[in-house]
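Asker: next one to model:
(2 chains)
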Protein chains: 2
Amino acid sequence: MENEELSIGVDMGGTSLKAAVVCGAEIVQRSEPVNTRECNTPQELTERLGEKLRLLREHFPAVRAVGMGLPGFVDHERGTVDSLTNVPGWYNVPIRQILEEICGLPASVENDANCMAYAEWRLGAAQGMRDVVCLTLGTGVGAGVVANGQLLRGHLGAAGEIGQVSIDYRGRIGHYGNRGAVEDYIGNNELMREARMLYATIPEGTSAEMETPVHLENAARAGCEVAQTLWDDAARKLATCLLNCHYILNPQAFVIGGGISKAGELLFSPLRRYLRTQIYPPHFAKLQVLPAKLGSDAGIIGAARLALDDLSQN
Amino acid sequence: MENEELSIGVDMGGTSLKAAVVCGAEIVQRSEPVNTRECNTPQELTERLGEKLRLLREHFPAVRAVGMGLPGFVDHERGTVDSLTNVPGWYNVPIRQILEEICGLPASVENDANCMAYAEWRLGAAQGMRDVVCLTLGTGVGAGVVANGQLLRGHLGAAGEIGQVSIDYRGRIGHYGNRGAVEDYIGNNELMREARMLYATIPEGTSAEMETPVHLENAARAGCEVAQTLWDDAARKLATCLLNCHYILNPQAFVIGGGISKAGELLFSPLRRYLRTQIYPPHFAKLQVLPAKLGSDAGIIGAARLALDDLSQN
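Answerer: Below is the predicted model of the structure:
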């Protein structure tokens, strides 16, 4: 570890912004989180972030670069935020330039799910693989795709939005007017809404108990068939999304992290079954379905690593 | 053209095998097609092919390489056919080595839809693009994906099988046990089966007239609402498949060729509409939907070009 370089990773979410000095896959020092919602403009947020970054740099002058993940459409090449999904006011913000001015370090910016995927690929469960899809299952379904040994960004930096993949061409209408997006079925809120609806129809169920996926997990482990059916159904829908990725990308592995992935075999076991019965057997035999390794710090770690990698490539 | 190098392209289909000397996007000389079904083993077929290739080389001694597209899982890197979809007996055939021995030229092998996509990307409608998906709509829905300026092959060479992309997680069971594969809805045979079913239920319709997509095209142009609805419905299903590609890959363009694409605006106009209403507007504004340029020779042209490109890279 002593030869590893230091960089700062920043992970911006809809509610909080976290920054830390990172060495490899280790967090060296965190700064106090910033409440994203207290900041009304990109300028306010970047000023608050600037204070945190200057403090971190004072303690760790060896830091060489800063990377930041943001929740929305980020153009890594141009260094801009095109728009953010749940944070108003962020349109065409030259965030890389702002970061560089704030802290006087070379900066990289990227979509937050791409940062998590980058971390799992460079330092986590998918290390050394040339073709892999890394997912994070939470309020939404985010992902990053590595193809031919490169993070796939696409024409406008919007690749890897697999939460928007349709599993039903006549399905629910989603965020972009698109029908049947998988995250509109298995995102935390939708999953729990469905759970409450089902529980409200059975005598022994009390829908009020169903608040988070952890409740649904406990119910399934306690033998509740309704809960088990819901996990099976979520796995089936997620499997269809992964099948689509498989047939388009032919990855070596799916790495799955985030909220509902913590249900472990409740999700993974039916997921593997739905994949096994829907993929050409010799290909399924060589496809890995792996839990993520880096947990909730993956976004920070990936952003920090990306910044160092960009440095060595420029 | 005089500075362009010559190579041979071979396009193997379920019924016939075609070979030609190619210069750029031009066919210089074709050989007599081989009936694939007359050949019971890979050996028989490659012997018949060998005769054709030797004749072509005698007339064009300047030919530098040979490329071959095959209908199934082809491992370009290892140079083998893993299996072919509709041709029995082809398992683990070292086809590149066989080709090189037959004609004494450096050889490249690739999936047939990838060859068509390669042609459109290097010499056709998608020339110069870094991220593009090229489709061919026929009995099946084939495609090749270019990402980051490279043909995407994936872990086992099976990327780009977008005909298998699911548009309905509870849909029809397809070739690999997978549900809702788009080609099980809009492949020529399925499209026409649906047309005949619908026509059988209406007084003015005679289902017997509905044999090929051309009949359906003529009926729609003549003002038949049933036919127009069928085209709209096919466009809707294809749009869902393309949406999935868009959200995963974020390409600059979709290039569409093959059978039913000849219906032109009957297909393209509703297709663009279904895409426009289901993609984030600033991204849709920069997405092109283009007809293929190279027609039914694209497979030969792409195989021939791939062989030359591989030569210059090795």
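
Asker: tell me how many other residues crowd residue A:197.
Answerer: 11 (other C-beta atoms under 10 Å in any protein chain shown). Heads up, the C-betas are built off the backbone N, CA and C, glycines and all.

Asker: and stretch A:280-298, how far apart are its ends?
Answerer: 32 Å (C-alpha to C-alpha, to the nearest Å).

Asker: which residues sit against it?
Answerer: With contact meaning C-beta atoms under 8 Å, 6 or more residues apart in numbering or on different chains, stretch A:280-298 is reached by A:20, A:25, A:27, A:115-116, A:119-120, A:123-126, A:134, A:136, A:246, A:250-258, A:261, A:264, A:268, A:271-272, A:275-276, A:279, A:301, B:73, B:82-83, B:155-156, B:158, B:176.

Asker: the residue nearest to residue A:110 when sequence neighbours are not counted: how many residues sit nearby?
Answerer: Spatial nearest neighbour of residue A:110, excluding adjacent residues (C-beta to C-beta, 6 or more residues apart in numbering or on different chains): residue A:76 at 5.1 Å. As a burial measure, residue A:76 scores 17 neighbours (other C-beta under 10 Å).

Asker: for residue A:76, what are phi and psi?
Answerer: Phi and psi for residue A:76, reported as degrees, to the nearest 10, are phi -60, psi -40.

Asker: distance check, it against chain B.
Answerer: Distance of residue A:76 to chain B, computed by C-beta to the nearest C-beta, to the nearest Å: 12 Å.

Asker: beta-bridge partners for residue A:134, please?
Answerer: residue A:144, residue A:255 (DSSP bridges).

Asker: got it, and residue A:69?
Answerer: Going by DSSP bridges, residue A:69 forms beta bridges with residue A:11, residue A:110.

Asker: chain B contacts on the stretch 1-150 of chain A?
Answerer: A:73, A:82, A:83, A:130, A:131, A:145, A:147, A:148, A:150 (C-beta under 8 Å from any C-beta of the partner chain).

Asker: which among these end up buried?
Answerer: A:73, A:82, A:83, A:130, A:131, A:145, A:147, A:148 (16 or more other C-beta atoms under 10 Å in any protein chain shown).

Asker: pick the one among the residues you listed closest to chain B.
Answerer: residue A:131 (4.7 Å; C-beta to the nearest C-beta).

Asker: pretty sure the closest one sits against residue B:158.
Answerer: No. Assessed by C-beta atoms under 8 Å, residue A:131 is found out of contact with residue B:158, at 10.5 Å.

Asker: where do the contact lists of those two overlap?
Answerer: Common contacts of residue A:131 and residue B:158 (C-beta under 8 Å, 6+ apart): residue A:250.

Asker: one step back: from the contacts of stretch A:280-298, which land in helices?
Answerer: A:115, A:116, A:119, A:120, A:123, A:246, A:268, A:271, A:272, A:275, A:276, A:301 (DSSP state H).

Asker: reformat those as a markdown table; add neighbour count.
Answerer: Formatted as a markdown table, the ones in helices among the contacts of stretch A:280-298 follow (neighbours: other C-beta atoms under 10 Å in any protein chain shown):
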| residue | neighbour count |
| --- | --- |
| A:115 | 33 |
| A:116 | 33 |
| A:119 | 33 |
| A:120 | 31 |
| A:123 | 20 |
| A:246 | 28 |
| A:268 | 16 |
| A:271 | 24 |
| A:272 | 16 |
| A:275 | 21 |
| A:276 | 15 |
| A:301 | 30 |
